[in-house]
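Undergrad: this is the structure alone, sequence omitted:
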C-alpha cells in the first residue's frame, strides 16, 4: 500500500480529480440491503464491542439497533423524543435539523460511553454534544431514567440559521473526538465563519473527552490553535514576521481545521489513519478534502473564497481566482453546474461521505454517495499515475444520507426520502434502509440489491 504523505495533497487545480477516472483495483460494486423500515435514517455506526450490532440514527431523535442477524430490535437504543417532560429534545423543523450522529468511545465495552450530536429544541436549535452512559444490565436500551441520570453535556453551540450544521462526530485513531461543524447557515457564508478562527462554525473540531465529570472536555495540547491566544505580555521587537503570524488572537482552541462549508460527514481510514472530509458545496461543486495522518492540523480548506478548486462566488468554469489554503483531492459538479445553463451528466447536489474501503481490490478508497442524484463515487490515490482518481461506480435510486464502517471494515450506507423542500417530517416521510457496499461477486445469494437508474 502506498505510504500516505503530504505529497498526495494537490497543489494545482489541474491535479484535483473529477469524474471519469478509474480507482486502481476497484471491482464492480453493489449495495445489498441489510434492513429497512427506518424513519429518516441519517447516520450509522458500529460499537466495535464484539456484539456485531449496527446502530442506525433516525433524524427525529432515535437510534435503532440492527443485530448481527439483520433483525431490527423493536425498542430504540436511545430515544431523545420522550425523556423531556415537555416533548422531544430534538429540533426537526427543517430537514437539516435533527439527531445527526452518535459515536462510541474507544473503550465503550468498558465504560459504556456513547456520544450524541443533535439540534436542541429547548435551546432554539443549538448544537448539543452530550455523553450518555449505557447501563451494562440493559445493553440494548437506554431507559429514560438512565439517560437523565447519566447524561453529561459537553458543548452547546448556538446556531443563528437553521441550515449548515455539519453533524458527524467520530473518534480518531488518536482517541480524540472530532466534530464536523457547518458555517451556521443561510447561503454564501454571510458570517464569514469558514475563515473566522474566533468561532466554531465552518470547522472540524477536536476535543479530549477523557476528563473528570466536572469538566466538559479538555483541549488537546497538540491542537494547532491550543496556545494561539495564551495570555502574554506585549512585545514589539525581537519577533519576526513569521512569529507574529502565529499570533491568532481570539482563536478557538477546539479548532483542528477550518475553511469548511458543511462537513456533514468525515471518516478516518482505519489502516493509514488518513482523514477524508466530504464538504457539501453551495451551487456548483461538491468537494472531498484529505488530510494525511502525518498532519498537525490547522488546514484551511478555502471556503468561502473557493468552492472546490473554483471561485466563489462563481459564474463559469473558466473564471480565474486565487486558491486559498488547501485544495480538495476530488470534486464533482452539480447537475446544472452554472447559472449559464451548463449541464453535467456526472453530477449531484450534496456529497455524503460513506467510509474508506480496503477490500475487494480497493485500497484507501473513499466512497461517496450523492444525496440527490443517487450516484456512488469512489476516490483513491493512483500510485502509478501519481494522482487522485474519482470514479462513478453506479447511479442508484437511493437518496444517500450517511455511511460508516461495520466492525469488519465493510462500508455501510443509509438512505432516506427526506425531501429538501417537500419534507413531510422525520416520522412521516417514506422509510429508508441500511445497505452494505460489496463487490458484486460477493453479494450473498438472495440479497435484495439497490436498483440502478
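TA: Okay, I see it. Owing to the predicted nature of the structure, the values given are computational and were not obtained by experimental measurement.
Undergrad: residue 298: neighbour count?
TA: Using other Cβ atoms under 10 Å, residue 298 has 17 other residues around it. C-beta coordinates here come from the backbone N, C-alpha and C atoms, glycine included.
Undergrad: so what's it closest to, chain neighbours aside?
TA: Excluding the flanking residues, the one nearest residue 298 by Cβ to Cβ, 6 or more residues apart in numbering is residue 224, at 3.4 Å.
Undergrad: looking at the protein, which helix or strand is least sure?
TA: Taking mean pLDDT, DSSP states H and E as the measure, the helix or strand of the chain with the lowest value is helix 241-245, at a mean of 73.
Undergrad: can you name the next helix or strand after that helix?
TA: From helix 241-245 onward toward the C-terminus, using DSSP states H and E, the following helix or strand is strand 255-258.
Undergrad: got any ranges where the protein has weak pLDDT?
TA: Within the chain, the set of residues satisfying pLDDT under 70 comprises 1-6, 236, 244, 336-344.
Undergrad: recalculate using a threshold of 90.
TA: 1-7, 83-86, 213, 227-250, 314-320, 334-348, 418-423, 452-453 (pLDDT under 90).
Undergrad: select the longest helix from it.
TA: With DSSP state H applied, the helix covering the greatest number of residues in the chain is identified as helix 144-150.
Undergrad: give me the buried positions along the helix or strand following that one.
TA: Sequence order places strand 152-157 as the next helix or strand after helix 144-150, per DSSP H and E. Under the neighbour-count criterion of 16 or more other Cβ atoms under 10 Å, strand 152-157 has 152, 154, 155, 157 buried.
Undergrad: ditto for stretch 396-405
TA: By 16+ other Cβ under 10 Å, the buried positions in stretch 396-405 come out as 396, 398, 399, 400, 401, 402, 403, 404, 405.
Undergrad: also stretch 258-273?
TA: Here stretch 258-273 shows 258-269, 272-273 as buried, counting by 16+ other Cβ under 10 Å.
Undergrad: restricted to strands, list the residues you listed.
TA: Per DSSP state E, strands hold the following members of those: 258, 265, 266, 267, 268.
Undergrad: would you turn the residues you listed into JSON lines with distance to residue 409?
TA: Shown next, in JSON lines, are those (distance: Cβ to Cβ, whole Å):
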{"residue": "258", "distance to residue 409": "30"}
{"residue": "265", "distance to residue 409": "18"}
{"residue": "266", "distance to residue 409": "17"}
{"residue": "267", "distance to residue 409": "12"}
{"residue": "268", "distance to residue 409": "12"}
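Undergrad: was I right to think residue 448 contacts residue 34?
TA: No: with contact defined as Cβ atoms under 8 Å, residue 448 does not reach residue 34; the gap is 9.5 Å.
Undergrad: more neighbours: these two, which one.
TA: residue 34 (21 against 13).
Undergrad: what about that one, distance to residue 447?
TA: 9 Å (Cβ to Cβ, to the nearest Å).
Undergrad: do residue 399 as well
TA: In this view, residue 399 and residue 447 are 20 Å apart by Cβ to Cβ.
Undergrad: one more: residue 200?
TA: For residue 200, the distance to residue 447 equals 42 Å [Cβ to Cβ].
Undergrad: those two - which one has more neighbours?
TA: residue 200 (21 against 14).
Undergrad: can you list the buried residues in stretch 406-422?
TA: Along stretch 406-422, these residues count as buried under the neighbour rule (16+ other Cβ under 10 Å): 406, 410, 411, 412, 413, 414, 415, 416, 418.
Undergrad: again but with stretch 377-388, I slipped
TA: Going by 16+ other Cβ under 10 Å, stretch 377-388 has these buried residues: 377, 378, 379, 380, 381, 382, 387, 388.
Undergrad: quick one: distance of it to the chain centre.
TA: 21 Å (Cα atoms, centre = their mean, to the nearest Å).
Undergrad: mind listing residues that contact it?
TA: Contact partners of stretch 377-388, identified using Cβ atoms under 8 Å, 6 or more residues apart in numbering, comprise 2, 4, 8, 10, 15-17, 19, 21-24, 26, 29, 276, 288, 290, 329-330, 332, 357, 362-370, 389-393.
Undergrad: among those, which ones are in strands?
TA: Per DSSP E, the subset of these in strands is 29, 276, 288, 290, 330, 332, 357, 365-370, 389-393.
Undergrad: just to revisit the earlier point, doesn't the residue nearest to residue 298 belong to a strand?
TA: No: per DSSP: H, G, I helix; E, B strand; the rest coil, residue 224 lies outside any strand segment and is coil.
Undergrad: that one and residue 184, how far apart?
TA: Counting by Cβ to Cβ, the gap from residue 224 to residue 184 is 21 Å.
Undergrad: same question for residue 150.
TA: Plainly put, residue 150 is 30 Å away from residue 184 if you go by Cβ to Cβ.
Undergrad: coming back round to it: from the buried residues of stretch 396-405, which is closest to residue 442?
TA: Lowest distance from residue 442 to those (Cβ to Cβ) belongs to residue 405, with 16.3 Å.
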